[in-house]
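> Structure for the following, please:
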Amino acid sequence: MDLNADLGEGFGVWRLGEDDALLDVLTSANVACGFHAGDPSTMRRVCLSAAERGVAIGAQVGYRDLAGFGRRRIDYAHDELRDDLLYQLGALDAFARLAGTRVRYVKPHGALYNTAVADENQAAAVVAAVVGYDRSLPVLGLPGSALLRLAAEAGLRAVPEGFVDRGYRPDGTLVPRSEPGALLGEAAAVAQAVRLADDGAVESLCVHGDTPGAVALARAVREALGAAGVSLEPFSPVA
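As a prediction, the model looks like this:
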């Protein structure tokens with residue numbers, strides 16, 4: 001099982017989350033690429049830190065929406081969204097290569113992630129960006145989503161993930177952050193992580209790096225998985 005989180009989401013002098021502490025716990029890092037969060041210096045710093053620890057680097061691509069942190073849906077023409085995502089992917093890969101590694105997978109962020117669950121146009125734009133850049137890159141997404149279906153149809157590796165600290169609706173989609181039950185406390189999140197791992201329907205588990213107490217939660221999840229006999233390793237190997 002893989003354990004991932006969104007990192008590098010600060011901007012300029014503003015820092016969000018504890019990137020280095022999380023990198024000591026994670027096996028994969030979804031690094032923001034500068035459009036919804038992050039900036040060039042932050043991208044370089046996180047890539048270097050991830051490479052030093054053997055953590056797989058993923059391109060956390062999102063809408064061009066710094067003010068809204070990429071959590072507001074934006075309607076895009078397919079080609080425009082494809083090119084925005086391709087730009088982000090290439091930028092992060094440059095910093096990963098300077099750190100002696102490369103981007104290992106792609107994961108949409110925030111509203112784009114949720115939109116690509118059902119919106120064929122935006123899901124197809126994500127897939128087109130990956131196909132255009134590097135067909136060997138897996139796509140990380142919600143099980144049963146349009147994104148993973150289209151990725152698989154395009155010959156990409158589609159990797160299903162579960163969220164340890166988010167509530168789920170009966171249809172398998174996430175409870176919106178604006179509704180009760182969207183965020184789980186530590187005990188419930190740890191129990192959900194073990195249950196998701198036992199179910200075997202996902203290959204990666206996500207902890208939200210911007211959630212208060214994210215480092216403690218990630219450590220608790222890792223410890224609980226180990227106690228349950230679940231070993232952790234990147235779903236997209238670094239070497």
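
> Helices of the protein, residue ranges please.
Assigned helices in the chain, in chain order: 19-23, 40-53, 78-98, 110-115, 120-133, 146-153, 186-199, 214-227 (criterion: DSSP state H).

> Pull out the buried positions in the third one.
Yep, that's helix 78-98 we're talking about. Across helix 78-98, burial judged by 16 or more other CB atoms under 10 Å covers 81-89, 91-96. For every residue, glycine as well, the C-beta is placed using N, CA and C.

> Which single one of those is nearest to residue 114?
Distance ranking of the buried residues of helix 78-98 against residue 114, using CB to CB, places residue 81 first at 14.5 Å.

> Excluding sequence neighbours, find me the nearest residue to that closest one.
residue 125 (4.0 Å; CB to CB, 6 or more residues apart in numbering).

> in terms of contact, does the one you found touch residue 76 like I think?
Yes: at 6.9 Å, residue 125 counts as touching residue 76 under the criterion of CB atoms under 8 Å.

> For the two, work out which one has more neighbours and name it.
Neighbour tally, residue 125 and residue 76, criterion other CB atoms under 10 Å: the higher count belongs to residue 125, 26 against 20.

> ok, so what distance separates that one from residue 33?
Noted for residue 125: a distance of 15 Å to residue 33, by CB to CB, to the nearest Å.

> Nearest to residue 1 among the buried residues of helix 78-98?
residue 96 (23.1 Å).

> could you list every residue that touches that closest one?
47, 51, 57, 102, 103 (CB atoms under 8 Å, 6 or more residues apart in numbering).

> Show me which pair in those residues is furthest apart.
Most distant of those, by CB to CB, are 51 and 103, 11.4 Å apart.

> Please identify which of these two sits among more neighbours.
Between residue 51 and residue 103, residue 103 has the larger neighbour count (other CB under 10 Å), namely 25 against 22.

> and that one, bridged to which residues?
Beta-bridge partners recorded for residue 103 (DSSP bridges): residue 57.

> Pretty sure it sits against residue 137.
Yes: using CB under 8 Å, residue 103 is in contact with residue 137, at 6.8 Å.

> any idea how far residue 92 is from residue 111?
Per CB to CB, residue 111 is found 19 Å from residue 92.

> Low-confidence regions, the chain specifically.
The model of the chain has pLDDT under 70 over residues 13-14, 16, 239.
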